[in-house]
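S.K.: pasted the sequence and its predicted model underneath.
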Amino acid sequence: MQAKPIPVPDELTRPFWEAAREHRLVVQRCIACGYYNHPPRSACDACLAQQLRFEQVSGQGRIYSFTVMHQRDVPGFEAEAPFINIVVELNEQPMLLMVSNLPFSERERVRIGTPVKVDFEERGEIVVPQFRILDP
């Protein structure tokens, strides 16, 4: 069994990973129009301006979509299969989406629209933002 993959920050994504190491979730935002962009990119999706900065967000959202992964050949996740991949729509903006995974034990609670909150998974040198279902 392999270890989970470790993201490799580059110049564009480094602020995202540095904030995650501090257990803060940040998203790139356009200075010109205020639109949030994720994943990070060099130009705004809404207005194409190139002046973007990272801003802290609430880390709260709702499950936008999900799928149950039964494959046991995904490197680093062999022992966790089956697991649930979720797409989270953050509260800050419609269609501001992030991907996460949940343990299979959460399958009874996973529904489109279920509220979630960011959590952080330590993977050695990197901390990966993940999401967890909010308890009622």
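M.R.: That came through fine.
S.K.: so residue 76 is in contact with residue 4, correct?
M.R.: Yes: with contact defined as CB atoms under 8 Å, residue 76 reaches residue 4; the gap is 3.7 Å. (C-beta placed from N, C-alpha, C; glycine too.)
S.K.: list of residues touching stretch 101-116?
M.R.: With CB atoms under 8 Å, 6 or more residues apart in numbering as the test, stretch 101-116 has contacts from 60-66, 68-69, 77, 80-86, 88, 100, 130-134.
S.K.: which of the residues you listed count as buried?
M.R.: 60-64, 66, 69, 77, 80, 83-84, 86, 88, 100, 130-131, 133 (16 or more other CB atoms under 10 Å).
S.K.: which of those residues fall within helices?
M.R.: The helices, defined by DSSP state H, take in nothing from the buried ones among the contacts of stretch 101-116.
S.K.: quick one, strands of this protein?
M.R.: 26-30, 36-37, 52-56, 60-69, 83-90, 97-103, 115-123, 126-133 (DSSP state E).
S.K.: in JSON lines, list the ones you listed along with distance to residue 109 and mean pLDDT.
M.R.: Output for the strands of the chain, formatted as JSON lines (distance: least, CB to CB, whole Å; pLDDT from 0 to 100):
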{"stretch": "strand 26-30", "distance to residue 109": "25", "mean pLDDT": "98"}
{"stretch": "strand 36-37", "distance to residue 109": "27", "mean pLDDT": "97"}
{"stretch": "strand 52-56", "distance to residue 109": "27", "mean pLDDT": "98"}
{"stretch": "strand 60-69", "distance to residue 109": "10", "mean pLDDT": "96"}
{"stretch": "strand 83-90", "distance to residue 109": "10", "mean pLDDT": "95"}
{"stretch": "strand 97-103", "distance to residue 109": "9", "mean pLDDT": "92"}
{"stretch": "strand 115-123", "distance to residue 109": "10", "mean pLDDT": "94"}
{"stretch": "strand 126-133", "distance to residue 109": "5", "mean pLDDT": "94"}
